[in-house]
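# no sequence on this one, just coordinates:
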């Protein structure tokens, strides 16, 4: 069975899921060479994508980057934007595992971790 990559974004200023946030997933080349856009989409009402960002045979060991368009998200609401794009760079070591990368975000800061 193949693994999968998922994310979840929570707006900690409002205490709600961050619905409608644009997210890009990039695969980064080894030794700093090149990058490839793998997918781009928007979070649903629960702050999640409607499908895994990667799954099954798409999963490959390597370095990836999730880019969260928090600036546009906050400009669409009641908050002034300080942050623009929040990058989260990480390594997939075991393609058969589930990697979950949550983002907790407010207009002035963010936090992330490897979830379950």
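Cool, the structure landed. Note that the structure is a prediction, hence the values are computed from the model and not measured.
# got the contact list for the most centrally placed residue in the chain?
Nearest to the geometric centre of the chain sits residue 66, at 4.3 Å (C-alpha atoms, centre = their mean). Residue 66 makes contact with 7, 23-26, 53, 87-88, 90, 101, 103 under the criterion C-beta atoms under 8 Å, 6 or more residues apart in numbering. Any C-beta I mention is one placed from the backbone N, CA and C, and that applies to glycine too.
# And these, which of them are buried?
Buried subset of the contacts of residue 66 (neighbour count, 16 or more other C-beta atoms under 10 Å): 7, 23-26, 53, 88, 101, 103.
# thought residue 9 was touching residue 102?
Yes. Using C-beta atoms under 8 Å, residue 9 makes contact with residue 102 at a distance of 7.4 Å.
# So between these two, which is more surrounded?
The neighbour count for residue 9 versus residue 102, taken as other C-beta atoms under 10 Å, is higher for residue 9 (27 against 19).
# Name the residues linked to the more buried one by a beta bridge.
Residue 9 has the following beta-bridge partners by DSSP bridges: residue 103.
# lowest-pLDDT helix or strand in this protein?
Lowest mean confidence among the helices and strands of the chain (mean pLDDT, DSSP states H and E): helix 70-75, at a mean of 94.
# counting contacts, what elements does it pack onto?
Judged by 3 or more C-beta pairs under 8 Å, 6 or more residues apart in numbering; DSSP states H and E, helix 70-75 is in contact with strand 85-92.
# list the buried ones in stretch 89-105?
Buried, per 16+ other C-beta under 10 Å, within stretch 89-105: 92, 95, 99, 101-103, 105.
# Check stretch 72-79 too.
73-74, 79.
# Do me a favour and get the end-to-end distance for that stretch?
End-to-end distance for stretch 72-79, by C-alpha to C-alpha, to the nearest Å: 11 Å.
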